[in-house]
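K.L.:
Sequence first, predicted coordinates after that:
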Amino acid sequence: MGPLLVLLSAACFGAMAVFGKLAYDEGVSPQSLVLLRFVLAAALLVAMTALHALRTGRGPVTAPGSGRPHRLLLTGLALGGIGYALQATLYFAALGRIDAALVALVLYTYPVLVTLAAVLLGRERLTPARLAALGVSTLGTLLVLVGAGAVGFDATGVALAFGSALTYTVYILVSDATVRQVPPVVLTTLVMTGAAVVLSAQAALTGGIDLPATAHGWLWIACIAVVSTVVAALAFFAGMRRTGPSTASILSTFEPVATATLAALLLDEFLTPVQVIGGGLVLASVALVQLRGRGPRVEDDAGDQIVGRASRASRWDGTLNP
């Protein structure tokens, strides 16, 4: 289920570009879209958490041996308020200076960064299957994005995009350590709440935002909040909990393939032959990374580390409690 959940997450994240373009057509500004995305997502997740607590009489809990709940609470909020918010800020700042395809090309260096960091930190091993999958997925992503065209090189814009990739790398690695100690629903709620609070404060300090003027504008924002944020983040955390950070980041390269495909289906855009070949390579990487399963994780081999025990003891069953 782990790889399927990550692929579902990538498809949902990939749909965000299409929903965003439709929202822009309705006059929604980028600042409004980003803020409302996180506010609506946080509100929905908080409501889900509260309803579950009322129905069961139990609040969200952490895994046995997972440490202090207050530390995990602050970590989850910081992942959203610092990690997610900073990544989004750098990403949209880069978009203001260079072509979107070039931003995506630089951003998608993060699977390589995550894999190397996970190996250097001793969390995972660089197996031949994983290394081959990383190379194939990177080449496929390159072809998909180059097929869309990339112009307007600017050193500052590229630096901002690479900063976004570095931030997302840290976000994934910290999330991996945290999601094995708390249920994905709880972590997703904390992340979205942290991002919503920080971005709301930023908007208040900079003069606020303009709310969408049309019902269709609200519809596309709701689609982004529900499909491309809540479902996407839940599926990613649940999938990464089962696969590990490097495999999850490799599988996430399916996102630009999903974006290009949905754009062709819904926006009358077309896939170039180069993009089709690139998409095929990304899909091939999914098979490669599964040649020997998800690959052994270090804590699973040792069998005596607290996080490893917590991960096995707290396998999520779809509710707020492990």
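P.N.:
Yep, that arrived.

K.L.:
so where is the protein shaky, pLDDT-wise?
P.N.:
57-68, 95-96, 99-102, 144-145, 147-153, 268-271, 275, 283, 286-322 (pLDDT under 70).

K.L.:
so where do the strands sit in it?
P.N.:
If DSSP state E is used as the criterion, the strands of the chain fall at 291-294.

K.L.:
Need phi/psi at residue 27.
P.N.:
phi 90, psi 10 (degrees, to the nearest 10).

K.L.:
Which residues are in contact with it?
P.N.:
212, 213, 214, 217 (CB atoms under 8 Å, 6 or more residues apart in numbering). Where you see a C-beta, it was placed from the backbone N, CA and C, and this is true even at glycine.

K.L.:
Looking at those, which are in helices?
P.N.:
residue 217 (DSSP state H).

K.L.:
Which of the contacts of residue 27 are buried? Put it as a ChimeraX command.
P.N.:
Buried residues among these (16 or more other CB atoms under 10 Å), as a ChimeraX selection:
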select :212,217
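
K.L.:
is it possible to export the contacts of residue 27 to CSV including distance to residue 198?
P.N.:
CSV is the format used below for the contacts of residue 27 (distance: CB to CB, whole Å):
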residue, distance to residue 198
212, 22
213, 26
214, 28
217, 24
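
K.L.:
Which of the contacts of residue 27 sits closest to residue 22?
P.N.:
Each of these was scored against residue 22 by CB to CB, and residue 217 proved nearest at 8.9 Å.

K.L.:
Pretty sure that closest one sits against residue 20.
P.N.:
No: using CB atoms under 8 Å, residue 217 makes no contact with residue 20, being 11.3 Å away.

K.L.:
quick one: which of the contacts of residue 27 is nearest residue 200?
P.N.:
residue 212 (16.6 Å).

K.L.:
right, and that closest one touches residue 222 too?
P.N.:
No: counting by CB under 8 Å, residue 212 sits too far from residue 222 to count as a contact (10.1 Å).

K.L.:
who are the neighbours in contact with residue 179?
P.N.:
187, 237, 240, 241.

K.L.:
from those, which two are the most distant?
P.N.:
Farthest-apart pair in the contacts of residue 179 is 187 and 240; separation 10.4 Å (CB to CB).
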